[in-house]
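*Asks:* When you get a sec, could you give me coordinates for this:
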Amino acid sequence: MNKLIYFFLVIMLGLFIIYVFRNEEVDVSNDNINSLNFNYENTLILAELENELVAQKKHHIHIESNEAQDYTTLFPDLYTVYDVPDSMDKGRRIAYLTFDDGPSSNTFEILDILDEMNVSATFFIVGSAITKEGEGALRRIVNEGHTIGIHSYSHLCNEIYCSVERFLNDYNMVYQQIYDITGKRANIYRFPWGSNNSYSKGIKDDLINEMERRGFACYDWNVDSNDSVGRPTEYSIRRNVEKDLETRDYPIVLMHDSGNNKLTVKTLPGIIKIIRDKGYEFDTLDNREPYLFEW
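*Replies:* Model prediction:
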C-alpha cells in the first residue's frame, strides 16, 4: 500500500511540474538571470521539458522591446577577433564533429576516443554544466587541439531569447568562465536550438548582427544524429548520420556530450569509421566559414 501511495504522489508531482511549465509565464525581470541557481541536473531537466514544449508548440516567451537599444554600451569586454576563413579547400572533403551541452563525464570518454582515433572536434559548452571535474574537460579540449565554442550559460530558452541584452548577459557569463578556466577566448558559438529556433524569432536578426559586430561566428549543423531526441539507439544514430552525409561535402555533424548521452559515446567510434570510409577528413569548425541554416 505504501508503495502505491508513493507512486501516486510521484505521478501527481510530475503532472504538476508539467502544468506549471506550460501555463506559467517565465519571470523575465532584469535581474532574474543572475539570481537563478543553475546546476547541471536542473539544466538537463529543464532542457527535457523544453523539448516537450517545443514539440507541442505551447511555449510562451515574453519578448522585451529592442527598439532604440544601443548595444555598444553593453558588456564592453564581450568582443573577440576572429579571422573568418574565406572558403574551404575545394579539393578536400572535410567533416566536422560537434558536441553540444557538455561538459560531463561523457566528455572525457569522447576525448579519449578522439585521441585514440586521431580526430579533431568542436565542443559547444553550457556554462551551468561546468563542474570542478568539467573544468578538467575544458582544459583537455584546448590542450588536445580541439575547439571550444559557446552554447550559452543557462540553456534556458525562455530566458535568453527575451531580448538581445538578456542573451548577451547570459553569453558573457560563460564567455568569461571559459577564459578563466582555459586562458582562451571562445570566438565561435551555436544558439540553443539553432539559429532558426521558434524561441528567438522576434530578435533573431538583431542577435546575429550584434554577435557578428562583436566578432563572434555562428555555426549551425547540416547532419543531425538525433542522439538526444526521443529514444535513440546505436542503429538510429548511425543511420541518421549516414543518410545525410552523402549530400554534403562539408558535413557539420550534431551530437551531444551531456551526462545523459552515454549512447553517443558507444556509437562514436562507428560514426568516425563511417565518415572516414566515405573519404572525409576531420577538422574543427573555426577552420571553415560560418554556417547558418539554409531554411
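
*Asks:* All the helices of the chain, in order from the start?
*Replies:* Ranges of helices within the chain are 2-23, 32-35, 40-56, 105-116, 132-143, 157-160, 164-182, 204-213, 234-245, 262-277, based on DSSP state H.

*Asks:* hey, least reliable of the ones you listed by pLDDT?
*Replies:* Sorting those by mean pLDDT places helix 32-35 lowest, at a mean of 39.

*Asks:* Domain ranges for this protein, per the record?
*Replies:* 2-56, 94-287 (automatic domain parsing).

*Asks:* Would you reformat those as CSV and include distance to residue 72 and mean neighbour count?
*Replies:* The way it works is simple: take the backbone N, C-alpha and C, and place the C-beta from them, glycine included. Shown next, in CSV, are the domains of the chain (distance: least, CB to CB, whole Å; neighbours: other CB atoms under 10 Å):
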stretch, distance to residue 72, mean neighbour count
domain 2-56, 19, 12
domain 94-287, 8, 19
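
*Asks:* From what I see, residue 211 and residue 218 are in contact.
*Replies:* Yes - Residue 211 lies in contact with residue 218 (CB atoms under 8 Å); the separation is 6.5 Å.

*Asks:* residues shared between the contacts of those two?
*Replies:* residue 189 (CB atoms under 8 Å, 6 or more residues apart in numbering).

*Asks:* mind putting the domains of the chain in a markdown table, distance to residue 69 included?
*Replies:* Shown next, in a markdown table, are the domains of the chain (distance: least, CB to CB, whole Å):
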| stretch | distance to residue 69 |
| --- | --- |
| domain 2-56 | 13 |
| domain 94-287 | 7 |
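
*Asks:* looking at those, which is closest to residue 70?
*Replies:* Closest approach to residue 70 among those is made by domain 94-287 (10.5 Å; CB to CB).

*Asks:* Check the offset of that closest one from the chain's centre.
*Replies:* Offset of domain 94-287 from its chain centre (CA atoms, centre = their mean, to the nearest Å): 5 Å.

*Asks:* what's the first-to-last distance across that domain?
*Replies:* Domain 94-287 has its terminal residues 10 Å apart, counting by CA to CA, to the nearest Å.

*Asks:* what's the nearest residue to residue 274 if we skip its chain neighbours?
*Replies:* The spatially closest residue to residue 274, leaving aside those adjacent along the chain, is residue 242, at 5.6 Å (CB to CB, 6 or more residues apart in numbering).

*Asks:* mind checking how far that neighbour is from residue 223?
*Replies:* Residue 242 sits at a distance of 9 Å from residue 223 (criterion: CB to CB, to the nearest Å).

*Asks:* Can you check which residues contact both of the two?
*Replies:* Common neighbours of residue 242 and residue 223 (CB under 8 Å, 6+ apart) do not exist.

*Asks:* Return the distance of the residue nearest to residue 85 when sequence neighbours are not counted relative to residue 252.
*Replies:* Distances taken as CB to CB, 6+ apart place residue 289 nearest to residue 85, at 5.1 Å, with adjacent residues excluded. Using CB to CB, one gets 11 Å for the distance from residue 289 to residue 252.
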